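Asker: Test case, fold it:
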Amino acid sequence: MIASVAALKVEVKYLQRDNEAQAAKINELELQKSELEKLKLQYQAQDGELATIKTRANITENQLEVLKKEGEVKRVAFSASLFASGSGDVGPFNAHTNLVFRHVVTNIGNAYNPHSGFFTAPVRGAYQFQFYIYALGHPSHGSGAMLVKNGQNVLIAFEHQPNLASASSNGVSLLLEVGDVVFMRQFVNTWIYDNVNRHTTFSGHLLFTM
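Answerer: The predicted structure is shown next:
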């Protein structure tokens, strides 16, 4: 009996040690689990921050793209002369006749159409236009042209010399809405001359947006 009791005591001690070892392992696992939970929360927070940063980056990229497009649209300027090549007279006609300035010197923003002669405003703003009309003198025909906005005459340049050469010019600042059209119209019973020296021109540019 004494031997059996001693053996049981020894076994109990081993069991206690095993339990203590298992308890230690359990505590260690709990600590590891707690650390994992903390890391998981940190990763989730970092994912959230990364998502926020990515969203902000996308917004910034979109804003830059908008600013870039706005900057491009604000760069508007053109200048053109009447003939693409050669020399000669246009007119006289028995009615006001639209002019098409075919030789494009500058067309930043592509708002001027050399096939129709129309300048179409790409953005609301104040624009400056100038035109120069040249002709040879004639007893019966002067030289003149009108600047027209959306079909309405704005102003005219006119000169009549019976001989030699004549030249006239004018300019104006206009507030244009998007899609407004500005072009030149030759005055009735006048003639206009141009050659490779580009005497007769039509120009315009955006001063500022509004």
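Asker: Okay, and the beta partners of the residue lying closest to residue 135 once chain neighbours are set aside?
Answerer: Excluding its sequence neighbours, the residue lying closest to residue 135 (CB to CB, 6 or more residues apart in numbering) is residue 143, at 3.2 Å. Where you see a C-beta, it was placed from the backbone N, CA and C, and this is true even at glycine. Counting by DSSP bridges, residue 143 forms beta bridges with residue 159.
Asker: average pLDDT for the helix or strand harbouring residue 38?
Answerer: According to DSSP states H and E, residue 38 maps onto helix 2-73. Mean per-residue pLDDT for helix 2-73: 70.
Asker: can you start the count at 45 instead of 1 from here on
Answerer: Fine by me, first position is 45 from now on; the one you just mentioned is helix 46-117.
Asker: Can you name the next helix or strand after that helix?
Answerer: Counting by DSSP H and E, what follows helix 46-117 is strand 121-125.
Asker: what's the spacing between residue 218 and residue 182?
Answerer: Distance of residue 218 to residue 182, given as CB to CB, to the nearest Å: 32 Å.
Asker: Could you do residue 100 as well?
Answerer: Here residue 100 is placed at a distance of 69 Å from residue 182 (CB to CB).
Asker: These two - which one has more neighbours?
Answerer: Each of residue 100 and residue 182 has its neighbours counted (other CB atoms under 10 Å); residue 182 has more, 17 against 10.
Asker: Could I get the contacting residues of the closest residue in space to residue 178 that isn't next to it in sequence?
Answerer: Spatially, and ignoring its direct neighbours in sequence, residue 178 is nearest to residue 243 (3.5 Å; CB to CB, 6+ apart). Contacts for residue 243 (CB atoms under 8 Å, 6 or more residues apart in numbering) come out as 125, 176, 178, 211, 237.
Asker: okay, these in TSV with neighbour count, distance to residue 164 and secondary structure next?
Answerer: Shown next, in TSV, are the contacts of residue 243 (neighbours: other CB atoms under 10 Å; distance: CB to CB, whole Å; DSSP: H, G, I helix; E, B strand; the rest coil):
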residue	neighbour count	distance to residue 164	secondary structure
125	21	20	strand
176	19	22	strand
178	21	26	strand
211	15	28	strand
237	21	28	strand
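Asker: quick check, nearest of those residues to residue 226?
Answerer: Among the contacts of residue 243, residue 176 lies closest to residue 226 (CB to CB), at 15.9 Å.
Asker: ok, the residue nearest to residue 179 - contacts?
Answerer: Shown in contact with residue 187 (CB under 8 Å, 6+ apart): 177-179, 202-204, 210-212, 234-237.
Asker: Neighbour-wise, which one of the residues you listed leads?
Answerer: Counting neighbours by other CB under 10 Å, residue 177 comes out on top of the contacts of residue 187 with 30 neighbours.
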